[in-house]
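S.K.: fold the following.
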Amino acid sequence: MIVYQGDAFASSGIQVTTNQRDKSLMNSVGRALYSDPVQIWDRKTRKLTDFMTHFTFSMNALNATTYGDGLSFFLMSFEPEIPSGSFGGYLGLFSPSSAFNSSNNTVVAVEFDSFMNPWDPSDNHVGINVNSIVSVANVSWNTSIKDGRIANAWVSYDSRTYNLSVFLSYDENPVFVGNSSLWYVVDLREVLPESVRVGFSAGTGDWIETHTVFSWTFDSSLGEDKTRVKKHTWLTTGLATGSGALSLVVGFLWFVLWKKRAYLSRRSEDMAIDCDFGGDIGPKRYAFHELSKATDGFSEERKLGEGGFGGVYKGVLGGVNVDVKSLVAVKRVSSGSKQGKKEYVSEVKIISRLRHRNLVQLIGWCHEHGDFLLVYEFMPNGSLDSHLFYSKSILSSSVRYKIAMGIASALLYLHEEWEQCVVHRDIKSSNIMLDSNYNAKLGDFGLARLVDHDLGSQTTILAGTMGYLAPECVMTGRASRETDVYSFGVVALEIACGRKPIDTKAEPSKQRLVEWVWSLYGEGKLLEAVDERLNGDFDEREMECLMVVGLWCCNPDSSERPSIKQAISVLNFEGPLPRLPAKQPVPMYYAPPMAMCRFTYTSSVLGDTTVCETKVSVTSSGGSYSSAASSKALLEMHKNGL
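M.R.: Below is the predicted model:
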């Protein structure tokens with residue numbers, strides 16, 4: 001049975017706010033609730049429910065150019081009536097006095113918001129709210145909500161992972177495959193009472209729209225089977241009759257079947273990864289709920305950064321007493337990312353076997369129900385690029401030289417000292433972490449590949465970062481020890497100069513770091529490239545050596561680059577500086593032409609600064625082109641700053 005509050009009423013479904021021609025639609029607020037309590041958890045056993053709800057709805061602006069405010073699906077404690085003043089942006093959930101005071105509320109809601117209030121990220125967004133009108137997670141709604149089209153929404157909760165997920169579709173015949181549009185990790189036992197009311201609320205303010213729920217199903221796992229069936233039957237019969245009710249029952253059965261299949265599929269995937277890892281993985285395996293608790297449910301306040309395949313969060317393991325040993329960094333691979341999963345498997349299999357003072361230590365890992373997580377030692381001084389480009393503090397020249405030596409030492413271990421050669425493939429300043437003593441630690445082995453020591457290149461499809469890619473990588477997609485050395489050379493120049501490899505905001509002659517430094521080298525003015533923020537306070541011999549070695553490693557001809565062992569010898573002043581051409585050489589080699597180059601863009605967040613990186617995926621194939629055509633294509637890319 002459905003209970004109506006405020007302006008809500010039954011007519012062709014559920015009208016959550018006023019929808020009558022003879023009444024004003026402004027400042028309308030309503031709720032439609034299932035009459036019986038729904039058990040969320042059991043106080044004696046602490047057992048949580050799984051639930052899945054599906055509903056179809058529309059929000060119609062009635063051809064108005066301005067509209068608001070939105071609709072929500074909620075779970076909340078039993079309240080006798082709608083809070084006073086909860087129309088408009090409060091969506092019938094909160095009074096103005098309680099909307100931002102989470103201690104006074106017990107509600108979890110999914111909002112479909114159509115109006116931008118001061119606390120909203122935008123209009124046209126979906127948000128998850130926990131005890132506050134301010135969403136703890138949100139995502140932009142990519143389609144207009146004002147035209148009255150019918151939307152399908154699924155909201156599910158997984159008691160094993162504490163994952164509250166939302167899936168939204170405007171397809172006429174949507175297929176729910178489990179990919180969420182939005183998710184948030186929350187232990188409902190910490191937020192809600194044992195039993196709650198479930199339902200819908202909506203509100204309008206000075207701008208208007210209608211809010212209609214056409215169908216609704218709700219199923220939960222806690223409680224006796226008879227109670228569950230009874231609850232579900234009431235919901236379906238309360239919203240539709242005849243064929244409509246039959247459709248909902250069929251839909252319910254389909255969702256139950258889907259849920260079972262999805263669980264078995266995820267479990268099968270987990271077991272397949274376990275088999276792939278084998279029994280020799282050293283780091284600890286964590287449960288998802290342990291890492292969720294350690295990161296406060298992967299809260300935004302704990303986020304350290306954002307990469308191409310997921311976020312990195314600061315975590316505390318081993319209890320509430322915070323000390324240095326208990327701090328970790330948890331990388332959560334984006335759900336549903338096939339490439340992210342591939343990188344997760346690669347990283348665990350490779351880095352778990354590596355031991356070196358200049359490599360980030362992998363402490364643990366977790367894969368459960370489609371989530372992939374990596375646990376690393378926490379680096380209190382963050383990434384190298386944050387100090388070179390975005391920090392008010394300045395690294396001294398001696399610290400910079402120590403960092404460069406640390407990176408080189410890590411690369412020597414990977415290329416020559418371990419049992420197999422490890423080609424990292426993504427050496428860049430943002431993948432170099434700094435511990436409390438500013439010792440460099442190379443991380444992010446998601447793109448790394450193993451090759452035999454007597455073999456050359458191994459890979460033919462490359463994903464890396466423009467500016468750090470060797471010319472032959474851009475042309476062929478092949479990675480090797482020589483391409484890693486090239487990337488190291490770029491980082492060495494970054495360290496000395498305090499400049500990014502490609503800076504489109506700089507004056508034209510300084511936009512490409514390698515080209516600019518090489519021109520100064522040819523003019524005998526190399527030290528003019530040293531980071532201006534050092535104000536001349538640096539060891540000239542060290543800075544000259546670092547930049548010359550950097551240019552040596554960045555020779556466009558891979559055969560003219562040093563091995564990392566040769567580079568270290570010069571950096572240790574055990575050998576003379578190499579004599580380089582006065583002008584940057586033109587790359588000349590025979591290689592298949594680039595058949596396809598696909599660019600994607602990702603952003604990394606460091607503190608309050610957003611850093612945009614250009615990622616490139618290159619797939620090469622053979623063809624009846626001459627080497628001259630290949631060189632011309634490369635030179636055109638070089639000319640255009642790519």
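S.K.: tally of neighbours for Arg332?
M.R.: Counted with other Cβ atoms under 10 Å, residues neighbouring Arg332 total 24. In short, each C-beta sits where N, CA and C put it, glycine included.
S.K.: return the residues in contact with it.
M.R.: Phe298, Gly310, Gly311, Val312, Tyr313, Asp371, Phe372, Leu373 (Cβ atoms under 8 Å, 6 or more residues apart in numbering).
S.K.: test of understanding: give the bridge partners of it.
M.R.: Gly311, Leu373 (DSSP bridges).
S.K.: circling back to that earlier point, any chance of the contacts of Arg332 in CSV, plus distance to Leu534 and neighbour count?
M.R.: Formatted as CSV, the contacts of Arg332 follow (distance: Cβ to Cβ, whole Å; neighbours: other Cβ atoms under 10 Å):
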residue, distance to Leu534, neighbour count
Phe298, 39, 23
Gly310, 35, 21
Gly311, 33, 20
Val312, 30, 22
Tyr313, 34, 25
Asp371, 44, 24
Phe372, 41, 26
Leu373, 39, 24
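S.K.: and of the residues you listed, the nearest to Cys473?
M.R.: Taking Cβ to Cβ as the measure, Cys473 sits nearest to Gly310 out of these, at 24.2 Å.
S.K.: surely Lys343 is in a helix?
M.R.: No Lys there; residue 343 is Glu. Yes: counting by DSSP: H, G, I helix; E, B strand; the rest coil, Glu343 is part of a helix.
S.K.: isn't it up against Ile350?
M.R.: No: assessed by Cβ atoms under 8 Å, Glu343 is found out of contact with Ile350, at 10.4 Å.
S.K.: any common contacting residues for the two?
M.R.: With Cβ under 8 Å, 6+ apart, Glu343 and Ile350 have no common neighbours.
S.K.: and these two? Which one has more around it.
M.R.: Glu343 (26 against 20).
S.K.: pLDDT value on that one, please?
M.R.: For Glu343, the model assigns a pLDDT of 70.
S.K.: for it, give its distance to Lys500.
M.R.: 24 Å (Cβ to Cβ, to the nearest Å).
S.K.: do Trp516 as well
M.R.: 11 Å.
S.K.: cool, and Val134?
M.R.: Remark: distance between Val134 and Lys500 (Cβ to Cβ) = 35 Å.
S.K.: who has more neighbours out of these two?
M.R.: Neighbour count, other Cβ under 10 Å: between Val134 and Lys500, Lys500 has more, with 20 against 17.
S.K.: so the more buried one is in contact with Phe389, correct?
M.R.: Yes: the pair Lys500 / Phe389 is scored as a contact, 6.4 Å apart, by Cβ under 8 Å.
S.K.: domains of this protein?
M.R.: Domain ranges of the chain: 2-266, 284-377, 384-639, per automatic domain parsing.
S.K.: where does the stretch 351-500 of the chain dip in pLDDT?
M.R.: Filtered on pLDDT under 70, the stretch 351-500 of the chain yields the residue ranges 369, 392, 445-464.
S.K.: quick one: the helices in it, in order.
M.R.: With helices called from DSSP state H, counting those that start in this stretch, the stretch 351-500 of the chain shows them at 384-389, 397-412, 471-476, 481-497.
S.K.: how many neighbours does Arg353 have?
M.R.: Neighbour tally, Arg353, other Cβ under 10 Å: 16.
S.K.: how far away is the residue lying closest to Met433 once chain neighbours are set aside from Val38?
M.R.: The shortest distance from Met433 to any non-neighbouring residue, by Cβ to Cβ, 6 or more residues apart in numbering, is to Met379 (3.8 Å). Separation of Met379 from Val38 (Cβ to Cβ): 45 Å.
S.K.: for Gln361, same thing?
M.R.: Applying Cβ to Cβ to Gln361 and Val38 gives a distance of 45 Å.
S.K.: which of these two has more neighbours?
M.R.: Taking neighbours as other Cβ under 10 Å, Gln361 and Val38 compare with Val38 leading, 21 against 16.
S.K.: tell me the contacts of the more buried one?
M.R.: Counting by Cβ under 8 Å, 6+ apart, Val38 touches Phe51, Leu75, Ser195, Val196, Arg197, Val198, Phe218, Ser220, Lys231.
S.K.: how about the first one, nearest residue that isn't a chain neighbour?
M.R.: So the one you mean is Phe51. Using Cβ to Cβ, 6+ apart, the nearest residue to Phe51 is Ser220, at 4.0 Å.
S.K.: any idea which element the closest residue to Ser12 other than its chain neighbours lies in?
M.R.: Counting by Cβ to Cβ, 6+ apart, Ser12 lies nearest to Thr212, which is 7.3 Å off, once chain neighbours are set aside. According to DSSP states H and E, Thr212 maps onto strand 210-220.
S.K.: now the helices for this structure?
M.R.: 225-239, 243-277, 288-294, 338-351, 384-389, 397-412, 471-476, 481-497, 513-522, 540-553, 564-571, 627-639 (DSSP state H).
S.K.: from Glu194, how far off is the residue nearest to Phe51?
M.R.: Taking Cβ to Cβ, one finds Ser220 at 13 Å from Glu194.
S.K.: what do those two both touch?
M.R.: Common neighbours of Ser220 and Glu194 (criterion: Cβ under 8 Å, 6+ apart): Gln39, Ile40.
S.K.: between these two, which is the more surrounded one?
M.R.: Shown here are Ser220 and Glu194; by other Cβ under 10 Å, Ser220 has more neighbours (19 against 14).
S.K.: how close does the spatially most central residue of the chain sit to Cys366?
M.R.: Nearest to the mean C-alpha position of the chain, counting by Cα atoms, centre = their mean, stands Gly310 at 2.5 Å. Look at Gly310 and Cys366: by Cβ to Cβ, they are 13 Å apart.
S.K.: how about Val491?
M.R.: 31 Å.
S.K.: looks like Ser58 contacts Phe214 (just checking).
M.R.: Yes: using Cβ under 8 Å, Ser58 makes contact with Phe214 at a distance of 7.3 Å.
S.K.: which neighbours do those two share?
M.R.: Ile150.
S.K.: give the pairing partners of the strand holding Thr212; include direction for each.
M.R.: Strand pairing for strand 210-220, using DSSP bridges, gives strand 14-15 (antiparallel), strand 51-60 (antiparallel).
S.K.: need these in CSV with distance to Leu91 and mean neighbour count, can you?
M.R.: Shown next, in CSV, are the strands paired with strand 210-220 (distance: least, Cβ to Cβ, whole Å; neighbours: other Cβ atoms under 10 Å):
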stretch, distance to Leu91, mean neighbour count
strand 14-15, 15, 24
strand 51-60, 12, 21
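S.K.: dump those to JSON lines, plus distance to Gln511.
M.R.: Below are the strands paired with strand 210-220 laid out as JSON lines (distance: least, Cβ to Cβ, whole Å):
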{"stretch": "strand 14-15", "distance to Gln511": "59"}
{"stretch": "strand 51-60", "distance to Gln511": "47"}
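S.K.: strands of the stretch 51-200 of the chain, residue ranges please.
M.R.: 51-60, 70-76, 107-113, 125-130, 137-140, 151-158, 163-169, 182-185, 195-203 (DSSP state E, counting those that start in this stretch).
S.K.: who wins for proximity to Gln584 among the ones you listed?
M.R.: Gln584 lies closest to strand 137-140 among the strands of the stretch 51-200 of the chain, at 43.7 Å (Cβ to Cβ).
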